[in-house]
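Colleague: here is my input; please provide its structure:
(chains A and B, ligands or ions: 1)
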Amino acid sequence: MRRDELALDVNGEACRVLARGADTLLEVLRGQLGLTGAKPGCENGDCGACTVIVDGAPIKSCMMLAQEAAGRRVRTVEGLAGTAAQQAFVERFAFQCGYCTSGFLMVAQALCEAHPGADEARMLEWLRSNICRCTGYEEIRAAVRDAVARAKAPAVQGTEPVASASRQG
Amino acid sequence: MDHAVYRKEAFEKVTGAARYVGDYETPGLHHAELITSPLPHARIRSVDVRAAVAVPGVRAILTGRESAILCGEVLEDRPPLARGRVRYCGEPVAVVVADCEAAAAEAAQAVRVDYEPLPPVRSVREALAEGAPRVHPDLGSYRIAQQPVAPRAGSNVADHAKVRRGHAPGALAKAEVVVEARYSLPQVDHAAMETRGVRCEILPDGRIELHTCSQAPFEVQKAIATYFRIGVGSVVVHTPLVGGGFGGKAPVQLEVIAVLCAQAIGGRPVKLINSREQDIAASPVGPGLEARVRLGATRAGRLVAAELEYWLDIGAYADSTPRVARAVASACTGPYRTDDVWCDVYCVYTNHTYGTAWRGFGHMPMTFAIERTMDKLAARVGKDPAELRRANLIGPGDRTPTQVELNRNLLGDLPKCLERARELVGWRGRGVRGEGEDRHVRGQGVACFWKTSSSPPNATSGALITLNADGSVNLAVGAVETGAGTKTTAALILAHRLDIPVEQVHLHMDVNTLVDPEHWKTVASMATYMVGQAVLDAAEDAVRQLKHMGGVVLKCSPEDLDVGRGRVFLKDDPDLYVDVKDVAHGYQYPDGDSVGGQVMGRGAYIMRHLTLLDPETGRGMPGPSWTVGAQAVEVELDTRDFTYRILKAVTVLDAGRVINPAVARGVVMGGMSMGLGYGSRECLMYGDGGELLSNQLRTYKVMRAGEEPEAYHVEFVETPQKNAPLGARPIGEHGVLGMPAALASALSAAAGVELDTVPLTPERIWRVVREAGR
Ligand code: FES
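Modeller: Numbering: from 1, shown residues only, chains lettered A, B, ... in the order given. Take a look at the predicted model:
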């Protein structure tokens, strides 16, 4: 099977991978770069567990060929350290098994960046791309609401403490 | 204990560091790919692998002919790869092993199977019809792996469980009011976001190493040892974090195929992961249910008798469904007082995907049948549905269908749950028209549930504690972390007993059967109960050792000492103490002389006083306690197009004692979401030819964000259970149990028709309304 060298920009680092024409971005991230945060859940775009951010937009990495990602900025959950979205997911107990979490986090992060302060309707529209089988979604929506609010806050009020949400259930 | 504690693995899960079974890739890891049947029932004439073998990178291709193994937790009726005939769409027929995923996939495409179609058994009704095709012509010859089970040779009945208490037919004949109803509920998929998968390697000494996303690594270990005829200790099973289970990862299936694959390539490592399509079609699902319910009551609505028939659509193989049948039998009336109860539960083979445990172990569809019939009874006797239930709730002093005399400790406080659920939903009875000329109608429904463990009477669990030199504690337990927070709860129980911050309890998220103490299965909501008991036992052991060492150091009797907050101290004079860290690894006197060694606590638990159900009467003790609760739903139905919104979903259950509130609430809400999914959209759909139509997440629809209730109300009543760790009752499955029934009742109220099946899509409601001529 022929494999071509591809140059990818993943989490701000230049990477070289060998990919077949048919390899998806998901397969290359997981199999060659060891970035297993993005998960296969259906591999046809239904569940969103494999969501990453490509040039600022949430993309289901099972639906994008690795070749298509060349020359674009790819971000995965491994590149999210210290974000408000992560903090909010922990504080809001927005996961159980955690298998869907990377995907939801990437949607949340992209939303925070594209639409800081997004309203409920937009939040919901974005979240409907992904499936969580464990939670009742209430917790995920609460976390994303927090993250989106925090994303907006600095522009309005300067600095805002990140880790202040209640630990009460 | 009353503040929420983050899961121990929380930060791994938000950074991508959490590893699941499919996340490991090493050079030399082979890939296996299943070839599955496109037909529900057929003879296999031949399998042509010539083209497939020629694909570069292919190392082996296996079919059912290469092994004589028959698998089954209760009844050994299932070959790991179909042998001679296929019995369901999706049944594994062959498996390709190749050096990479792409080659395996390509070769799998090239395998040609020649089938001779047989008439499919497409429903329970067809299975029981005179002259129906036999799904298992050899039913009489299968080995029974675990009693009790009662296969009926020459039929499609794999098992029959009975309850005979009093004389229900006689009591019904005399009853002032009798309601009878039938229900037909579809199979349900677990749809865990992580599909099932396994890795296997056979070491040069013959040891089999498995990595599997199982809820039951110790059961996998025993099953593999039995099937491959090696010692249990020569099978090592590892289970990392599991991406959701819901019962679907309790059975043993892919593990057997993976061992066959590894054997075929000289023991080298191989990985077999289900695609989503395979996970739905090939691996087991939750059984469907046909039910006939007859309830007898007085004119005032007091239940006097119940005659119940339940037929589980177990699909092509029995797996654990005979145990499901007994669980259903033991709870067959729902949590209501009835003196005369006859119940028959049958496991019926069809040419559907085979069934196994599914969250609630058969109780969700059973509860649907009972609760919908209670509504009909309420209508017949002219009572408010919630009031009718209240008046019939089972209570202390009453007996269960399997003749266990209940008390408050066993049962908890169901009246309080129902009362609170009514308050939370703002109970107004049934349908209420919207304001003015609005075409929106609101309806409410209520349901009660109960469930006990129905676990084997000898289920065990264990815990091992070792102390670190800084006084912190390592805890090893054999329960799997599937997302319910079991490991964190175990840590909390230990932290509570030792009176130390939970941060000082360390545990590993994976299970390794070689080093971790055995835990039966992470199912039946029993992990906290069983592990908790073992943890407390281990803590006692460690405390005893610490006191002994403390006595040596403080020159007093161990009885005079207590342990807490990192110290071993004198009860009478807590200022006289030695730090735990200074005795954790033995104690060193100032002159260098040392005594003792590392403190290690060991704890074990085995179920007590449970019994198997009597085959004729059902009499027996199926579990250590019942968890009870009440649920309610309010909907707003648009009477023009029959779309609806779920305004409120309520669960109030007696949790005994809530150990980690945010996690407990999350688990219950998740269950509610799943139950509402089954009530509103989920369905394994089969076509006229018996082919599975819904094998993807776009056709097998689960709840998405925005489809959840506008408000969840989850509350706990706390009636501590004696002998349970900290008094906590099992709660893991229960959120799901009454939700489909409560939803159907709410929609029935709003639509003014009886909606007696699921999923309740707008189209289905429209059809029922149209047929009713409304
Ligand atoms: S947390 Fe398990 S699927 Fe979302």
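
Colleague: would you point out which residue is most central in chain A?
Modeller: Nearest to the mean C-alpha position of chain A, counting by C-alpha atoms, centre = their mean, stands A:Met106 at 1.4 Å.

Colleague: same for the one helix or strand B:Glu715 maps to, what does it pack against?
Modeller: Here B:Glu715 sits within strand B:711-717, counting by DSSP states H and E. Applying 3 or more C-beta pairs under 8 Å, 6 or more residues apart in numbering or on different chains; DSSP states H and E, one finds that strand B:711-717 contacts helix B:414-425, strand B:644-654, helix B:661-680. The C-beta positions use only the backbone N, C-alpha and C, and glycine is treated the same way.

Colleague: make sure B:Arg44 is indeed in a helix.
Modeller: Actually, residue B:44 is Ile rather than Arg. No - if the criterion is DSSP: H, G, I helix; E, B strand; the rest coil, then B:Ile44 is strand and not within a helix.

Colleague: ok, it - how many residues close by?
Modeller: The tally of other residues near B:Ile44 (other C-beta atoms under 10 Å in any protein chain shown) stands at 21.

Colleague: so how far is B:Ile257 from it?
Modeller: 17 Å (C-beta to C-beta, to the nearest Å).

Colleague: just B:Lys648 next, same as before
Modeller: Distance from B:Lys648 to B:Ile257, by C-beta to C-beta: 45 Å.

Colleague: how about the longest helix seen in chain A: buried residues?
Modeller: Secondary structure of chain A per DSSP state H: the longest helix is helix A:138-157. If you call a residue buried by 16 or more other C-beta atoms under 10 Å in any protein chain shown, then helix A:138-157 has these buried ones: A:138-153.

Colleague: that one and the ligand, are they touching?
Modeller: No - judged by C-beta under 6 Å from any ligand atom, helix A:138-157 and the ligand are separated, with a smallest distance of 7.8 Å.

Colleague: relative to strand B:711-717, how tilted is that helix?
Modeller: 120 degrees (axes from the mean of the first three to the mean of the last three C-alpha atoms, to 10 degrees).

Colleague: and helix A:138-157, is it in reach of chain B?
Modeller: Yes - shown here: helix A:138-157 in contact with chain B (C-beta under 8 Å from any C-beta of the partner chain) through A:Glu138, A:Glu139, A:Ile140, A:Arg141.

Colleague: tilt between that helix and helix B:661-680?
Modeller: Going by the same axes, to 10 degrees, helix A:138-157 makes 120 degrees with helix B:661-680.

Colleague: identify the residue spatially nearest to A:Ala94, adjacent ones excluded.
Modeller: Nearest residue to A:Ala94, sequence neighbours excluded (C-beta to C-beta, 6 or more residues apart in numbering or on different chains): A:Ala143, at 3.8 Å.

Colleague: sketch out the low-pLDDT regions of the chain for me.
Modeller: Using chain A here. The model of chain A has pLDDT under 70 over residues A:153-169.

Colleague: sorry, should have said chain B
Modeller: Using pLDDT under 70, chain B drops low at B:1-3, B:430-437, B:774.

Colleague: in it, what residue lies closest to the ligand?
Modeller: B:Met193 (3.9 Å; C-beta to the nearest ligand atom).

Colleague: any idea how far B:Thr643 is from chain A?
Modeller: 16 Å (C-beta to the nearest C-beta, to the nearest Å).

Colleague: next, count neighbours for the nearest residue to that residue once chain neighbours are set aside.
Modeller: Leaving aside its chain neighbours, B:Thr643 sits nearest to B:Pro762 (4.9 Å; criterion: C-beta to C-beta, 6+ apart). Using other C-beta under 10 Å, B:Pro762 has 14 other residues around it.

Colleague: what's the answer for B:Cys417, then?
Modeller: 26.

Colleague: for it, what are its contacts?
Modeller: Listed by C-beta atoms under 8 Å, 6 or more residues apart in numbering or on different chains, the contact partners of B:Cys417 are B:Cys448, B:Val628, B:Gly629, B:Ala630, B:Val652, B:Leu653, B:Asp654, B:Val717.

Colleague: possible to save these as TSV with neighbour count?
Modeller: As requested, those are arranged in TSV below (neighbours: other C-beta atoms under 10 Å in any protein chain shown):
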residue	neighbour count
B:Cys448	29
B:Val628	29
B:Gly629	31
B:Ala630	32
B:Val652	27
B:Leu653	29
B:Asp654	27
B:Val717	21
